[in-house]
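Engineer: The sequence and its predicted three-dimensional model are supplied below.
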Amino acid sequence: MLASRLDRFQRRHPWAAVPLAVVYKFVDDQGYYLAALLAYYGFLSLFPLLLLLVTSLGFALQGNVELQQAVLHSALREFPVIGQQIGANVHSLEGSGFGLVVGIVVAAYGALGVAGAGQTVLNKVWAVPRVRRPTFVLFYLRSLLLLVTLGVGVLLTTGLTALTTTASIVGAETSPLVRGGATALAVGVNFALFLVAYRVLAAVDVALRGLWPGAAFAAVLWQVFLEAGTYLVSHQLRGASATYGAFGVVLGLLAWLYVGATVAVFGAEINAVRVLRLWPRSLLAPFTGTGPFTSADRRAYTAYAKTEQQVEQEEVLVRFPRTE
């Protein structure tokens, strides 16, 4: 039978077994819902962060309109398909004390929601029992630690993205070598950010060497999507109307955030599958619900059940009757 031969083949070859196990675990964890959770909180926090950015630029670069626009557009480049629509609605970069205070408070609240959702997602991915997850205080301390780290990283990536734009303002030629170097540095910074996020947010003790494959995957794929989106805007959509109104902006923004969240979740799944040795999986077992199960199948299904342990006195036992 063809399915049986394919199953035996992928079990013998890690290069086929690991990607299959990652996809199966993504489906088992309902990764599409986890990505939607991250995208939702990311959407809530984005506009307050843009308000904070615009107000800060008004204070820091007052009187230099060209540089203000360059930095703003470099930040919006992270959303290449709909960034131009968002930027078209930013008409003034004037510093406002009230706007700065509101932006800080609301952005901090929204960003804490993103960090909290990230903890929930990664603890689900790593199958951390509920009783082992952080308490209320530790939950927010982890979130604050991540926000400080990511804040520095976002400043670095924004600066790198603005490199080519600001260079043209001061009259410098932006060579392909400079652009390539800036892209490589941006990938490196994104790799470090994903690595820190995977390490800080998950309530598991995993060495950094166990997290770098997923972080590298997420950093590279995110940059690929970013460059592809930029190419699409500059070549395929040039001259096309970007005036679909607020409805189009919201849909485009949600779609872009969902893509980024899905990349982050897949990176975390790669790490979990490798570290927890959740491969090779049975090719047909998830579809039939019956064996033959591999040892990785049993470890995965056992971990899923044990995530529901609520208190220390509770004991979760998992048994696979011999039906194979």
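Structural biologist: Happy to help now that I have it.
Engineer: So which elements touch the host helix or strand of residue 268?
Structural biologist: Using DSSP states H and E, residue 268 maps to helix 245-275. Counting contacts by 3 or more CB pairs under 8 Å, 6 or more residues apart in numbering; DSSP states H and E, helix 245-275 packs against helix 14-28, helix 31-60, helix 83-88, helix 97-125, helix 176-201, helix 212-231. In this view, the C-beta of every residue, glycine as well, is placed from N, C-alpha and C.
Engineer: Specify the angle between the last one and helix 245-275 in degrees.
Structural biologist: Okay, so that is helix 212-231. Between helix 212-231 and helix 245-275, the angle comes out at 160 degrees (axes from the mean of the first three to the mean of the last three CA atoms, to 10 degrees).
Engineer: which parts of helix 212-231 are buried?
Structural biologist: 212-219, 221-223, 225-226, 229 (16 or more other CB atoms under 10 Å).
Engineer: Pipe these into a markdown table and attach distance to residue 130 and pLDDT per row.
Structural biologist: What follows is the buried residues of helix 212-231, written out as a markdown table (distance: CB to CB, whole Å; pLDDT from 0 to 100):
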| residue | distance to residue 130 | pLDDT |
| --- | --- | --- |
| 212 | 28 | 95 |
| 213 | 27 | 96 |
| 214 | 23 | 96 |
| 215 | 26 | 96 |
| 216 | 30 | 96 |
| 217 | 28 | 96 |
| 218 | 26 | 95 |
| 219 | 30 | 93 |
| 221 | 31 | 92 |
| 222 | 30 | 87 |
| 223 | 35 | 84 |
| 225 | 33 | 81 |
| 226 | 36 | 74 |
| 229 | 38 | 61 |
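Engineer: Closest one of those to residue 128?
Structural biologist: Closest approach to residue 128 among those (CB to CB): residue 214, at 16.3 Å.
Engineer: Dump stretch 123-141 to PDB, keeping only the CA atoms.
Structural biologist: The C-alpha trace of stretch 123-141 is given here as PDB (Å, rounded to 0.1, in the frame of the first residue of the first chain):
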ATOM      1  CA  ASN A 123       3.100  27.200  27.100                       C
ATOM      2  CA  LYS A 124       0.600  25.400  24.900                       C
ATOM      3  CA  VAL A 125       3.200  24.600  22.400                       C
ATOM      4  CA  TRP A 126       5.600  23.200  25.000                       C
ATOM      5  CA  ALA A 127       2.700  21.300  26.700                       C
ATOM      6  CA  VAL A 128       3.400  22.900  30.100                       C
ATOM      7  CA  PRO A 129       0.800  21.700  32.700                       C
ATOM      8  CA  ARG A 130      -1.400  24.500  34.000                       C
ATOM      9  CA  VAL A 131      -0.100  24.000  37.500                       C
ATOM     10  CA  ARG A 132       3.500  24.700  36.300                       C
ATOM     11  CA  ARG A 133       2.600  27.900  34.500                       C
ATOM     12  CA  PRO A 134       3.600  31.300  36.100                       C
ATOM     13  CA  THR A 135       1.600  32.900  38.800                       C
ATOM     14  CA  PHE A 136       0.000  36.300  38.300                       C
ATOM     15  CA  VAL A 137       3.100  38.200  39.400                       C
ATOM     16  CA  LEU A 138       5.600  36.100  37.500                       C
ATOM     17  CA  PHE A 139       3.300  36.300  34.500                       C
ATOM     18  CA  TYR A 140       3.600  40.000  34.200                       C
ATOM     19  CA  LEU A 141       7.200  40.200  35.200                       C
END
